[in-house]
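Peer 1: below is the structure, and that's it, no one-letter string:
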């Protein structure tokens, strides 16, 4: 009934697990670097009124988002290399 062999199913599950693990590592590293840079640059010192307080969260989010998106080529490279190393027969 299934069109996949047990080896193919195991390989696909391994690829999904590897992708999730790489994304989790990238998330942790990007959050850590964003927080470290924010503390080092003391970005909260620029918050003086309500408008700057409302703009502080999107700036912090954008800082994290840039770092996380920069990890995409590395994640793709790791997962593709891992998928190429699996035996599919």
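Peer 2: Great, that's in hand. All values derive from a computational prediction rather than experimental measurement.

Peer 1: so what touches the least confident helix or strand in the chain by mean pLDDT?
Peer 2: Across the helices and strands of the chain, mean confidence by mean pLDDT, DSSP states H and E is lowest for helix 50-70: a mean of 90. Residues outside helix 50-70 that contact it (CB atoms under 8 Å, 6 or more residues apart in numbering): 26-27, 29-31, 33-34, 37-38, 43-44, 46-47. In short, each C-beta sits where N, CA and C put it, glycine included.

Peer 1: so which of those residues sit within strands?
Peer 2: Among the contacts of helix 50-70, none falls in strands (DSSP state E).

Peer 1: adding neighbour count, pLDDT and distance to residue 87, write these out as JSON lines.
Peer 2: Below are those laid out as JSON lines (neighbours: other CB atoms under 10 Å; pLDDT from 0 to 100; distance: CB to CB, whole Å):
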{"residue": "26", "neighbour count": "19", "pLDDT": "96", "distance to residue 87": "27"}
{"residue": "27", "neighbour count": "14", "pLDDT": "96", "distance to residue 87": "30"}
{"residue": "29", "neighbour count": "13", "pLDDT": "96", "distance to residue 87": "31"}
{"residue": "30", "neighbour count": "19", "pLDDT": "96", "distance to residue 87": "33"}
{"residue": "31", "neighbour count": "13", "pLDDT": "96", "distance to residue 87": "36"}
{"residue": "33", "neighbour count": "14", "pLDDT": "95", "distance to residue 87": "37"}
{"residue": "34", "neighbour count": "19", "pLDDT": "93", "distance to residue 87": "39"}
{"residue": "37", "neighbour count": "14", "pLDDT": "91", "distance to residue 87": "42"}
{"residue": "38", "neighbour count": "16", "pLDDT": "88", "distance to residue 87": "45"}
{"residue": "43", "neighbour count": "14", "pLDDT": "80", "distance to residue 87": "49"}
{"residue": "44", "neighbour count": "12", "pLDDT": "78", "distance to residue 87": "52"}
{"residue": "46", "neighbour count": "12", "pLDDT": "80", "distance to residue 87": "55"}
{"residue": "47", "neighbour count": "13", "pLDDT": "80", "distance to residue 87": "55"}
